[in-house]
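Asker: need a structure here:
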Amino acid sequence: MELKKYKLSEVATFEISNVDKKTKAGELSVHLCNFTDVYYNWAVTEAMEDSFMVATASDNQIKKLSLRKGQVAITKDSETRHDIGIPTYIANDFDNTVLGYHCALITPNPEMLDGRYLNAYLNSSLAKEYFANNASGSGMRYSLPVDAIKNILLYLPSIEVQREIGKIFSDIDRKIALNREINRNLPLAA
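Answerer: Here you go, the predicted model:
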């Protein structure tokens with residue numbers, strides 16, 4: 001299998017979120033997919049939308065940061081360098097949900113990069129080490145510079161192979177989520 005090397009900026013666009021948890025007069029009400037929603041989930045699904053907090057966002061923020069199927073969100077700022085660059089796949093189109101502060105939203109060029117593949121790739125130890133090594137800051141807060149996001153190297157097989165690999169990881173994640181749900185509903189042994 002042939003792999004081609006690209007910088008992320010060659011195969012995707014991205015936006016840094018500046019939508020905070022506040023409600024501001026004159027802005028539109030939205031659901032907010034926050035740092036913890038990204039950090040703790042392999043994928044963000046429409047079933048999660050009701051659990052998202054409500055905040056407001058400007059028209060421009062809604063235009064740039066609305067969640068669409070195939071995108072990948074990553075954590076951008078945190079207290080430790082190992083908590084940045086954590087990805088999640090956006091599994092559905094959302095009508096009224098935007099990505100919150102301390103995160104970045106990546107939109108793959110669908111002819112070159114599959115979002116599910118990108119999510120799996122960014123979950124690799126190679127990507128995690130790259131983001132940790134490129135974090136700026138010290139002590140109280142670390143941040144991922146825009147250039148570090150733009151310049152991460154991706155090794156990509158054909159788009160068809162990416163889709164196959166992405167589907168395998170998505171299927172595994174769905175089975176894990178189903179297993180968790182089953183375990184939550186089991187009666188506790190006396």
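
Asker: any weak-confidence spans in the protein?
Answerer: Per-residue confidence for the chain (pLDDT under 70) gives these ranges: 188-190.

Asker: name the residue closest to the centre of it, please.
Answerer: Closest residue to the average C-alpha location of the chain: residue 73 at 2.0 Å, with C-alpha atoms, centre = their mean.

Asker: host element of it?
Answerer: strand 72-75 (DSSP states H and E).

Asker: what lines up beside the following helix or strand past that strand in the sheet?
Answerer: Next in sequence after strand 72-75, counting helices and strands by DSSP H and E, comes strand 77-78. According to DSSP bridges, strand 77-78 forms sheet pairs with strand 141-143 (antiparallel).

Asker: sorry, back to before: just checking, the residue nearest to the centre of the chain touches residue 42?
Answerer: No: with contact defined as C-beta atoms under 8 Å, residue 73 does not reach residue 42; the gap is 11.7 Å. No exception for glycine: its C-beta is placed from N, CA and C like everyone else's.

Asker: on that earlier part again, tell me the strands beside the strand holding residue 73, with direction?
Answerer: Under the rule (DSSP bridges), strand 72-75 has strand 87-90 (antiparallel), strand 103-108 (antiparallel) as partners.

Asker: turn the ones you listed into TSV, including mean neighbour count and distance to residue 174.
Answerer: Formatted as TSV, these follow (neighbours: other C-beta atoms under 10 Å; distance: least, C-beta to C-beta, whole Å):
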stretch	mean neighbour count	distance to residue 174
strand 87-90	25	11
strand 103-108	23	21
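
Asker: format these as TSV; extra columns: distance to residue 127.
Answerer: Listed next are the strands paired with strand 72-75 as TSV, based on distance: least, C-beta to C-beta, whole Å:
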stretch	distance to residue 127
strand 87-90	8
strand 103-108	12
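
Asker: which helices and strands does the longest helix that the chain contains pack with?
Answerer: Ranked by residue count, the top helix of the chain under DSSP state H comes out as helix 159-185. When contacts are defined as 3 or more C-beta pairs under 8 Å, 6 or more residues apart in numbering; DSSP states H and E, helix 159-185 sits against helix 115-122.
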